[in-house]
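Peer 1: Provided below for reference: sequence and predicted model.
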Amino acid sequence: MLRRGAVSVRVAPASVLLGTVAWLLACAVALYGVTVGDYPMPLADVVATLSGDGTLITYDIVVRNRLPRALVAMGVGAALGLSGTVFQRLARNPLVSPDVIGINAGASAGAVVVIVVGAGAAAVVGGALTGAAAAAALVYAVAHRGGFSGYRLVLVGIGVSAFMNAAASYLLTRSDRNEAFRAAVWLVGSVAGRSWPDVLAVAAGLVVGAPVVLLLARQLQLLELGDELARGLGGRVGLARPALLAAAVVLAALATAAAGPIAFVALVAPQIVRRVLDARSPGLLPASGVGACVVVAADLAARRLVSPYELPVGVLTAAVGAPVLLYLLVRAHRAGTAG
């Protein structure tokens, strides 16, 4: 237990170890990704460029192109891993994640509105935040009636997601051809061509959301036990749940604003952590590291599988994540039948 003033944080050695390994692996994959491409570069040249000793060509390749892409991939994965963990723990349901319950769809719809009117990158961030907040408020308002239920949250979220996706599709049919193409490319989910403003967008989400989630980790554990038991153990249900939900929405929204809707990372990363660690451990640091590792590895695979062509990373994560979702659905059905 680490304590400073009124703030205390429980540290689980296994969680710290898994998180450290996951983050080191993510950094290693990202660094390797910076060295490969149409213009391969030895690691020594990458390090020299980052230290200011490279050429104009290597500076353009590393600093302006590949490094922002790698950082966005890591940041998006970390943000989605944390967001998915919060939603799954609060709902006590492994099927709950921001892309399943409509948060990412709301962010996408808000961003599409901004894109089709021709606004800049900063406005896309604002649109994504607004859309995600609207979707989250709608899902929470409908699903919270009669108590907070994970399965009701999933069902309501699927409906909200369908509505938001339909709204985005309608906007594409009514927009200018060029803007519709730009929005359609963004909706696939990709970290290709990302720049430093995109890095700042996802970094802002982590700076705002991650500290809230980490500071409320114990409250998250208590809320997972149910509202009545959480209150009996000193949990601040009325304050902690809205704060955690808001932080998770911000993380998912800014990740979506930076890279588009990258599916299933928020669903898969917490499940990987939960199968390695004790189920009682929140696993926040490992979830962020595993999420970062999943996205950077998927992006590297998307770049190299059909080289010289590139697949959008969202296509690859969806192809891998869909079977995981089906597995979780089958498992939940069997558990319900057995019960």
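Peer 2: Done, it's in. Please read these numbers as outputs of a predicted model, since none were measured by experiment.
Peer 1: for the rest of this, base every contact and every neighbour count on C-alpha atoms.
Peer 2: Fine.
Peer 1: centre-most residue in this protein?
Peer 2: A centroid search over the chain (C-alpha atoms, centre = their mean) returns residue 80, at 1.6 Å, as the residue closest to the centre.
Peer 1: quick one, helices of the stretch 101-250 of the chain?
Peer 2: Remark: helices assigned in the stretch 101-250 of the chain by DSSP state H, counting those that start in this stretch are 103-116, 121-143, 150-173, 177-188, 196-215, 217-223, 227-232, 237-259.
Peer 1: and those helices as TSV, adding mean pLDDT?
Peer 2: Formatted as TSV, those follow (pLDDT from 0 to 100):
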stretch	mean pLDDT
helix 103-116	88
helix 121-143	84
helix 150-173	84
helix 177-188	81
helix 196-215	92
helix 217-223	83
helix 227-232	68
helix 237-259	87
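Peer 1: ranking those helices by burial, who's on top?
Peer 2: Greatest average neighbour count among these goes to helix 103-116 (a mean of 29), per mean count of other C-alpha atoms under 10 Å.
Peer 1: okay, and the residue nearest to the centre of the chain sits in which element?
Peer 2: For residue 80, the enclosing helix or strand under DSSP states H and E is helix 67-91.
Peer 1: relative orientation of that helix and helix 150-173 in degrees?
Peer 2: When axes from the mean of the first three to the mean of the last three C-alpha atoms, to 10 degrees is applied, the directions of helix 67-91 and helix 150-173 differ by 140 degrees.
Peer 1: tell me if residue 308 really is in a strand.
Peer 2: No. Per DSSP: H, G, I helix; E, B strand; the rest coil, residue 308 lies outside any strand segment and is coil.
Peer 1: which residue is the nearest non-sequential neighbour of it?
Peer 2: Nearest-residue entry for residue 308: residue 38, 7.7 Å, with adjacent residues in sequence omitted and distances by C-alpha to C-alpha, 6 or more residues apart in numbering.
Peer 1: before we move on, back to that, tell me how far the helix holding residue 80 is from the chain's mean position?
Peer 2: 3 Å (C-alpha atoms, centre = their mean, to the nearest Å).
Peer 1: which strands or helices does it pack on?
Peer 2: Where contact means 3 or more C-alpha pairs under 8 Å, 6 or more residues apart in numbering; DSSP states H and E, helix 67-91 is packed against helix 13-35, helix 150-173, helix 196-215, helix 217-223, helix 237-259, helix 265-276, helix 284-304.
Peer 1: so which of these gets nearest residue 85?
Peer 2: Nearest to residue 85 among these is helix 265-276 (5.3 Å), distances taken as C-alpha to C-alpha.
Peer 1: mind listing what's buried along the closest one?
Peer 2: Neighbour-count burial for helix 265-276, counted by 16 or more other C-alpha atoms under 10 Å, picks out 265, 266, 267, 268, 269, 270, 271, 273, 274.
Peer 1: list the contacts of the fifth one.
Peer 2: Same thing as residue 269. 81, 84, 85, 287, 288, 290, 291, 294 (C-alpha atoms under 8 Å, 6 or more residues apart in numbering).
Peer 1: most widely separated two among those?
Peer 2: In terms of C-alpha to C-alpha, the contacts of residue 269 reach their longest pairwise distance at 85 and 294, which sit 14.8 Å apart.
Peer 1: neighbour count winner among these two?
Peer 2: Taking other C-alpha atoms under 10 Å, residue 85 and residue 294 do not tie; residue 85 has more neighbours (31 against 24).
Peer 1: quick check: the closest residue to residue 75 other than its chain neighbours vs residue 58, distance?
Peer 2: Of all residues not flanking residue 75 in the chain, residue 202 sits nearest, at 5.9 Å (C-alpha to C-alpha, 6+ apart). Noted for residue 202: a distance of 25 Å to residue 58, by C-alpha to C-alpha, to the nearest Å.
Peer 1: the helix holding residue 80 vs helix 237-259, what angle?
Peer 2: If you take the same axes, to 10 degrees, helix 67-91 sits at 150 degrees to helix 237-259.
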